[in-house]
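J.: Build me a structure from this.
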Amino acid sequence: MGRVFVAGSINMDVVAAAERHPRVGETVAGSALLYFPGGKGANQAVAAAKLGAPTTLIGRLGKDAFGEQLRTFLAVQGVDLSFVKDTAETHTGTAIITVADADNTIVVVPGANALVDADDVAAPVLAKGDVAVSQFEIPQATIATFFKSVRAGGATTILNPAPASKFDRQLLDLVDILILNETELGFLTGRELRDSDSRDRFTDAARSLAGRDKIVCITLGKRGVLALVQGEPLMVPGREVKAIDTTGAGDCFVGALASQLAVGSGLHHALDYANAAASICVQRMGAAPSMPTAAEVANILDA
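T.: As a prediction, this is how the structure comes out:
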């Protein structure tokens, strides 16, 4: 069995629930204030670990109350924290999230995540069969160093370019599987894309971004996922559920896909499995705590 290594952010999510999102300059009354472990790196690591893959997280925490709480939570989820450092000079990453009618707005304050560096990601040694995952809540130069190192050992690399920001071709060339939603795909290709657009429109955009030399997975919510494999589209249908909080859905998909590739599953099964996992995640509040177990996903797939 391969292993999953996630280099990424670790945040405390401070969530305000309200009936609707405020307009600019407006104040609305909230119905609840909640604290959830989060950060795209931590979310993806928890998803992979709860689904049965040996999972290691690489990142940084501040030496503060949030950092202590997050370290305890992640350890309980079965995530290996050998490469998570405590950083005294700054605070733990924090996300301020408003949830209204199952949609969210998020402001992320990176804190310790911005200090994850080349030395941090060079420490773990990966081998063929392992899967390396990262996202854009740590510095891009660090991600490039990580992917270059693990590819030399034969590991598969997965990049989730979120939050969306421009990146150069050198980093893209180090990616085996690119996972993004329609908003991120639109931003990176300079196209106006909506989740209701045709499959051909997404396929054309994905081809312009990555050509035929890598797998591109576009997550489309309830429509499912469109994967571009050797330049050809593969559509995996979504699952109709009543969403409560979509905050961690994309991260759940990434972690679930990585877990299945690490255990040797084929791509089509891994995509279907990740879809099922994400459909469970959106029916719960919070990011990392909403990640499903392998037994829960198996029940969905069996049904």
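
J.: Quick one: neighbours of the nearest residue to residue 118 once chain neighbours are set aside, just the number.
T.: If the residues on either side of it in the chain are set aside, residue 118 comes closest to residue 145, at 4.3 Å by Cβ to Cβ, 6 or more residues apart in numbering. Backbone N, C-alpha and C define where each C-beta goes, glycine included. When counting by other Cβ atoms under 10 Å, one arrives at 19 neighbours for residue 145.

J.: cool, and residue 166?
T.: Around residue 166 there are 8 residues (other Cβ under 10 Å).

J.: Then residue 294?
T.: Neighbour tally, residue 294, other Cβ under 10 Å: 15.

J.: That one against residue 52, yeah?
T.: Yes: counting by Cβ atoms under 8 Å, residue 294 touches residue 52, with 4.7 Å between them.

J.: so what sits against both of those two?
T.: Residues touching both residue 294 and residue 52 (Cβ atoms under 8 Å, 6 or more residues apart in numbering): none.

J.: Contacts only, for residue 84.
T.: So residue 84 contacts 10, 57, 58, 59, 60, 61, 71, 74 (Cβ under 8 Å, 6+ apart).

J.: in what helix or strand does the residue most central in space within the chain lie?
T.: Central residue of the chain (Cα atoms, centre = their mean): residue 251, 2.9 Å from the mean position. Secondary structure assignment for residue 251, by DSSP states H and E: helix 249-262.

J.: ok now that helix, how far from the chain's centre?
T.: Chain-centre distance of helix 249-262: 8 Å, with Cα atoms, centre = their mean, to the nearest Å.

J.: Show me what it is packed against.
T.: With contacts taken as 3 or more Cβ pairs under 8 Å, 6 or more residues apart in numbering; DSSP states H and E, helix 249-262 sits against strand 4-7, helix 40-50, strand 131-135, strand 156-160, strand 177-181, strand 215-219, helix 267-281.

J.: The residue nearest to residue 118 belongs to a helix?
T.: Yes: Residue 145 forms part of a helix when assessed by DSSP: H, G, I helix; E, B strand; the rest coil.

J.: Nearest residue to residue 257 in space, please, no chain neighbours.
T.: Closest to residue 257 by Cβ to Cβ, 6+ apart is residue 274, at 4.2 Å.

J.: what residues are up against the one you found?
T.: Contacts of residue 274 by Cβ under 8 Å, 6+ apart are 225, 252, 253, 254, 256, 257, 260.

J.: Mind pulling the model confidence for it?
T.: Predicted confidence (pLDDT) for residue 274: 96.

J.: Show me the beta-bridge partners of the closest residue to residue 218 other than its chain neighbours.
T.: Among residues not flanking residue 218 along the chain, residue 226 sits closest, at 4.6 Å (Cβ to Cβ, 6+ apart). Note on residue 226: beta-bridge partners residue 218, residue 235, judged by DSSP bridges.

J.: Kindly report the same for residue 109.
T.: Beta-bridge partners, per DSSP bridges, of residue 109: residue 94.

J.: between the helices and strands packed on helix 249-262, which one is nearest to residue 31?
T.: helix 267-281 (21.5 Å; Cβ to Cβ).

J.: so the closest one versus helix 249-262, what angle?
T.: Here the directions of helix 267-281 and helix 249-262 differ by 140 degrees (axes from the mean of the first three to the mean of the last three Cα atoms, to 10 degrees).

J.: Run the chain-centre distance for helix 267-281.
T.: So, by Cα atoms, centre = their mean, the centroid of helix 267-281 is 13 Å from its chain's centroid.

J.: Going by neighbour count, which residues in it are buried?
T.: Buried residues in helix 267-281, counted by 16 or more other Cβ atoms under 10 Å: 267, 270-281.

J.: ok, now stretch 22-37?
T.: 36, 37.

J.: distance between the ends of that stretch?
T.: 24 Å (Cα to Cα, to the nearest Å).
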